[in-house]
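# sequence unavailable; structure follows:
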């Protein structure tokens, strides 16, 4: 099977319609080098840091860096006293936003 060697990425659409995370990742991971100015990158990074998504993640994280009181819990467990999903599964889920 022959796969195309070049793909068109809708950068303009992603930048117009994406949230803070999508815009920042578009500029840093998808756009060609030099597409964005350093000022634009700094602005998008600041918007990301101030976003509700990042605030929600930081609010859930304990001082020791753990989320949900455990590391590996895939789901809450009344039997084990686990009220939230563990750090690793939450990180994997959240990392798609960053």
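Looks like it arrived, so ask away. As the structure is a prediction and not an experimental result, all values here were calculated from the model. Residues are numbered from 1 along each chain as shown.
# only C-alpha atoms for contact and neighbour calcs from this point on.
Noted.
# which residues does the lengthiest helix in the chain contact?
When the chain is parsed with DSSP state H, its longest helix is helix 38-49. Residues from elsewhere that reach helix 38-49 (CA atoms under 8 Å, 6 or more residues apart in numbering): 20-21, 23-24, 27-28, 54-55.
# those helices in this protein, which residues are they?
Under DSSP H, the chain gives helices at 11-17, 20-25, 38-49, 52-60, 87-95.
# so what secondary structure elements neighbour the first one?
The criterion is 3 or more CA pairs under 8 Å, 6 or more residues apart in numbering; DSSP states H and E, and the helices and strands that helix 11-17 contacts are helix 20-25.
# please state the offset of the helix it packs on from the chain centre?
Centroid displacement of helix 20-25 relative to its chain, using CA atoms, centre = their mean, to the nearest Å, is 8 Å.
# please work out the average pLDDT along it.
Across helix 20-25, the average pLDDT comes to 91.
# ok so, going back, pull out the buried members of the contacts of helix 38-49.
By neighbour count, with 16 or more other CA atoms under 10 Å, the contacts of helix 38-49 hold 20-21, 23-24, 27-28, 54 as buried.
# for residue 71, give me the pLDDT.
With respect to pLDDT, residue 71 scores 78.
# what's the answer for the one 10 residues further on, then?
If you check residue 81, the pLDDT there is 79.
# tally of neighbours for it?
9 (other CA atoms under 10 Å).
# please renumber the chain so that the first residue is 44 from this point on.
Okay, using 44 as the starting number, the last item reads as residue 124.
# quick one, phi/psi of it?
Dihedral pair for residue 124: phi 70, psi 20, per degrees, to the nearest 10.
# how close does it sit to residue 91?
Taking CA to CA, to the nearest Å as the measure, residue 124 falls 34 Å from residue 91.
# again with residue 61
Separation of residue 61 from residue 91 (CA to CA): 12 Å.
# residue 134 - how many residues pack around it?
A count of neighbours around residue 134, defined by other CA under 10 Å, yields 15.
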